[in-house]
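Participant: sequence-free structure coming up:
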């Protein structure tokens, strides 16, 4: 279902931002907030990633990266079948509290594997229309989404040449995810504030929260993630490959 697209949008912003800090974890470079590590030293990689994320959460003007917590996400269209749903003025809190369980770098396959836990608290505005589980629905007003999600992802890298030097670039990714807590999904002002009509739908959302999170439209999520990869590449373009790898 559609609500998951918003949650995963936020999660993957965190994932991609983490990647921009830590895929380099074998890194020594002119980006001085990243600690150099050997590609085989997972513990060092995780610690380096934590330092880098702490730095990037507040943004980095030199890299053209805005503050990431809170993160503003505008104009999200999340339509599916008979359900029409969009979000605006969406503000995400919690990226700074991401827990990195594992990061593994494979220099032979040129990949990075991540295992993260992300607590999310999101607020914004929504517009609902159409049907949800065969029930007609409409609404426009504030929305709140809160919970903890685990994300695992494998990021594929490639090298490009710029000004005679080689740099890393994200070339693709695969991912999986699972909620670690119950997610609270609260849509205020359903049916223009008609509480009698809103209560049955609120119960559906409350009881079916997991289904809504797991039944995901991957094409929509992928489109959103591609925007996030631009942030990753900004970091990579500051790190020539011949300066960052530690044997």
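Facilitator: The structure has been received and is ready for your questions. Owing to the predicted nature of the structure, the values given are computational and were not obtained by experimental measurement.
Participant: quick one: average pLDDT of the longest strand belonging to the chain?
Facilitator: Of all the segments assigned as strand in the chain under DSSP state E, the longest by residue count is strand 139-162. In this model, strand 139-162 carries a mean pLDDT of 89.
Participant: which regions of the chain lie under the pLDDT threshold?
Facilitator: Along the chain, segments meeting pLDDT under 70 span 1-35, 212-232, 242-247.
Participant: burial measure for residue 105, as a count.
Facilitator: Burial of residue 105, expressed as a neighbour count using other CB atoms under 10 Å, amounts to 25. C-beta: built from backbone N, CA, C; applies to glycine.
Participant: part of a helix, is it?
Facilitator: No - Residue 105 sits outside any helix when classified using DSSP: H, G, I helix; E, B strand; the rest coil, being strand.
Participant: Leaving out sequence neighbours, find the closest residue to it.
Facilitator: Leaving aside its chain neighbours, residue 105 sits nearest to residue 39 (4.5 Å; criterion: CB to CB, 6 or more residues apart in numbering).
Participant: does that neighbour count as helix, strand or coil?
Facilitator: Following three-state DSSP, residue 39 is assigned to coil.
Participant: cool, residue 108 as well?
Facilitator: Residue 108, by the three-state scheme (three-state DSSP), is coil.
Participant: tally of neighbours for it?
Facilitator: Look at residue 108: counted by other CB under 10 Å, it has 6 neighbours.
Participant: Can you list the buried residues in the helix or strand hosting residue 185?
Facilitator: Remark: residue 185 resides in strand 184-187, with elements defined by DSSP states H and E. If you call a residue buried by 16 or more other CB atoms under 10 Å, then strand 184-187 has these buried ones: 185, 187.
Participant: That one - contacts with which helices or strands?
Facilitator: strand 139-162, helix 195-207, helix 209-214 (3 or more CB pairs under 8 Å, 6 or more residues apart in numbering; DSSP states H and E).
Participant: Many thanks, have a good one.
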